[in-house]
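Peer 1: Quick one, what's the 3D model for this:
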Amino acid sequence: MTVVSGPHNIPEELAEYRPLLEQVHKLIEEGDYESGIAKLQKVARASGSEPLMNYLIEMRVQAFPKMAEKITPEPMFEANGLLGNADEVRARLDKDGYLFFRNIIPRERLQELRDQITQILADQGWIEGGAQQNLARAIRRPLREGQPQFFKAHDRIIKLEALHSLAHEPHLMDVMRQALGSSVFPHPLSIVRLIFPDSPELATPPHQDFPNNQGTPNLTAAWMPLADCAIEDGSLAVMEGSHKFGVLPLRFHLGAGNRRAVLNKDVLSCRWVGADFKMGDIVLFPAMTVHKAMENCNLERMRLSVDFRYQLEGESLTEGCLQPHFNRVSWDEIYRDWKSDTLKYYWRNKDYVEVPWDPTLHELPDDHVDEAYEQQLAYNIALTRRKESRASAGES
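Peer 2: Sure thing, here's the model as predicted:
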C-alpha cells in the first residue's frame, strides 16, 4: 500500500499526477478532507492506475478520523415533568423534534431481552459466554449489517417474542399516546442494533428515518438501549429542530442503513443534543429528525439497543413497515415458538392507508458502488492496523 505523507513526498510512480495531488493535499491541509477525497476519486477511478487508486485508498484510511462527525452534544431536555399533560408533551415534540424521558421501561423487561440476545451472540461466537455473557464483551472482528455472518445471529434475534412484545409495553404505550394520540400503534417492524466496539467507521451516521420508512411524516421512533449507555458507549444524539427542513439527500456510508444524510446550512445550524442513557430511558423523535449514534469508544463491549416506530390509526404507511426487519424471515417462522397469540398479526385490526414506496427518496448517487468498495477496503485496512498496533503495544 502506498504511504501518504504529504505533497512533498509524492512517489515517483505518481509524478504525472503531481499537480492533482498537490491540489488535493492543499484542500486537506485546509481541513476540507471531503473535497480533497472527491477530487482525487474522480481521476483515480477513471485512470486505471493501480498506484493512484492505492494512494486514494490510503488517503481514505487516514481521512476516516478526520471526516468523522466529532461532536460534543449538549444535554437533552428531560421531559418527564411534562407527562400527564398531553398538550405540553406534543408541543415540546413539535418544537424540538425529540422527547427524552428517564426511567420509563421496567428494567426487568429490558434485561429479559438482553439475556436472550446475548445468549444468541455467545452461541454465534460474537461475545464471551458464561458468567461474562451479560457484559457483551466482543471476541471477534466487527461485523457490518448485511454480511452473511451478521444474519446468522440477526435471523435468530428477530424471532424473539421478547423483542416484538417490548414495543407494546404498557409504560411505553402510555408515553406514546401522550406524545401522538390515543389511537397510536407500533409498526411490526422491530429493529435491534448490534454495535461492535472499536469500529468508529461503522457508527450510524446522521440520517433521517423517513427515506427508510416513508408513509406519514408523523411516524415517530422510540429508541432505547438494553443497558446503561453513556455517550462514549455510543448512545443516540439528535439535531434539535432538524425535523423542520424536509427530506435531505443521501450518500453511501458503511454504518447501519448504508446511508447518511447530506446536511445543508439550515440543518447544520441546529445543535446536537445527547445524554448518558440509563437502562429504562427512551428518546422519541419523528421521521424527519436528523439523528446519529455516537462512536462506541468502549474497546470491549458491544452496544445493544432497540427501536420501534409508531403512528396514529388513519395515517399512511408503506408495505415494508409491515414486514420483519430485513424481511429474511417470515412472520409464520417468527411466531412458531411464541408462548402467546395475542400480538400475532395485531396490525391487521388497525386502520391505516397503505401507500406506494417511493424509491427516489431512498436512492444513492450513481457512484455508490465504487464508494462502498473504497470505504470497505479502507475500513478493513484501518481496523487491521488498529488491532496490530494494540497487539504490538501489548507485547512491548
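Peer 1: would you list every one of the strands in the stretch 251-396 of the chain?
Peer 2: Taking DSSP state E, counting those that start in this stretch, the strands of the stretch 251-396 of the chain run over residues 259-261, 272-274, 282-286, 291-293, 303-311, 316-317, 353-354.
Peer 1: Need the distance between the two termini of stretch 362-373.
Peer 2: Stretch 362-373 has an end-to-end distance of 19 Å (CA to CA, to the nearest Å).
Peer 1: for the protein, what's the longest helix?
Peer 2: Ranked by residue count, the top helix of the chain under DSSP state H comes out as helix 368-395.
Peer 1: what distance separates that helix from the centre of its chain?
Peer 2: Distance, stretch centre to chain centre, for helix 368-395: 20 Å (CA atoms, centre = their mean, to the nearest Å).
Peer 1: Ok, stretch 230-250 next?
Peer 2: Centroid separation between stretch 230-250 and its chain, computed with CA atoms, centre = their mean, is 10 Å.
Peer 1: now swap in stretch 59-76 and tell me
Peer 2: Distance, stretch centre to chain centre, for stretch 59-76: 15 Å (CA atoms, centre = their mean).
Peer 1: Next: stretch 43-61.
Peer 2: Relative to its chain's centre, stretch 43-61 lies at 29 Å (CA atoms, centre = their mean).
Peer 1: For that stretch, buried residues please.
Peer 2: Neighbour-count burial for stretch 43-61 flags 44-45, 49, 52-61 (criterion: 16 or more other CB atoms under 10 Å). Bear in mind the C-beta positions are built from the backbone N, C-alpha and C, glycine included.
Peer 1: for the stretch 51-200 of the chain, what spans make up the helices?
Peer 2: 86-96, 107-123, 148-157, 161-166, 170-179 (DSSP state H, counting those that start in this stretch).
Peer 1: List the residues that contact residue 56.
Peer 2: Neighbour list for residue 56: 37, 40-41, 44, 374 [criterion: CB atoms under 8 Å, 6 or more residues apart in numbering].
Peer 1: Let me fix that, I meant to ask about residue 130.
Peer 2: For residue 130, the contacting residues are residue 122, by CB under 8 Å, 6+ apart.
Peer 1: ok, residue 331 touching residue 347?
Peer 2: No. Here residue 331 lies out of contact with residue 347, judged by CB atoms under 8 Å, at a distance of 10.4 Å.
Peer 1: Give me the common contacts of these two.
Peer 2: residue 188.
Peer 1: domain ranges for this structure?
Peer 2: As given by automatic domain parsing, the domain ranges for the chain are 7-67+368-395, 74-361.
Peer 1: The longest one - what's its average pLDDT?
Peer 2: Rounded to a whole number, the mean pLDDT of domain 74-361 is 96.
Peer 1: Endpoint to endpoint, that domain covers what distance?
Peer 2: So domain 74-361: terminal residues 30 Å apart, CA to CA.
Peer 1: now that domain, how far from the chain's geometric center?
Peer 2: Relative to its chain's centre, domain 74-361 lies at 9 Å (CA atoms, centre = their mean).
Peer 1: again with the first one
Peer 2: Between the centre of domain 7-67+368-395 and the centre of its host chain there is 25 Å, according to CA atoms, centre = their mean.
Peer 1: ok so, going back, among the buried residues of stretch 43-61, which pair sits farthest apart?
Peer 2: Farthest-apart pair in the buried residues of stretch 43-61 is 49 and 61; separation 18.2 Å (CB to CB).
Peer 1: neighbours of residue 361, just the number please.
Peer 2: By other CB atoms under 10 Å, 15 other residues sit near residue 361.
Peer 1: For it, list the residues it contacts.
Peer 2: 210-211, 214, 247.
Peer 1: Name the residues of stretch 175-194 that are buried.
Peer 2: Buried, per 16+ other CB under 10 Å, within stretch 175-194: 175-181, 184-194.
Peer 1: typed the wrong thing, it's stretch 266-282
Peer 2: Residues 267, 270, 272-275, 277, 279-282 are the ones in stretch 266-282 that count as buried (16+ other CB under 10 Å).
Peer 1: could I get those as CSV with distance to residue 380?
Peer 2: Listed next are the buried residues of stretch 266-282 as CSV, based on distance: CB to CB, whole Å:
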residue, distance to residue 380
267, 31
270, 34
272, 29
273, 33
274, 29
275, 33
277, 31
279, 34
280, 37
281, 35
282, 35
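Peer 1: Relative to residue 357, which of those residues is nearest.
Peer 2: Nearest to residue 357 among these is residue 267, at 24.5 Å by CB to CB.
Peer 1: Touching, the closest one and residue 240? I think so.
Peer 2: No. In terms of CB under 8 Å, residue 267 does not count as a neighbour of residue 240; the distance is 10.9 Å.
Peer 1: Using CSV, list the CA coordinates for stretch 271-286.
Peer 2: This file holds the C-alpha atoms of stretch 271-286, laid out as CSV (Å, rounded to 0.1, in the frame of the first residue of the first chain):
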residue,chain,number,x,y,z
ARG,A,271,-27.5,21.9,17.8
TRP,A,272,-26.7,18.3,18.7
VAL,A,273,-28.1,17.1,21.9
GLY,A,274,-27.5,13.8,23.7
ALA,A,275,-27.4,12.1,27.1
ASP,A,276,-25.8,9.3,29.2
PHE,A,277,-28.7,6.9,29.0
LYS,A,278,-29.7,4.6,31.9
MET,A,279,-31.4,1.3,31.3
GLY,A,280,-35.1,2.2,31.1
ASP,A,281,-34.6,5.7,29.4
ILE,A,282,-36.1,6.4,26.0
VAL,A,283,-35.9,9.1,23.3
LEU,A,284,-38.6,9.7,20.8
PHE,A,285,-38.2,11.5,17.5
PRO,A,286,-40.3,11.9,14.3
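Peer 1: I'd like to know which of the buried residues of stretch 175-194 are part of strands.
Peer 2: 185-186, 191-194 (DSSP state E).
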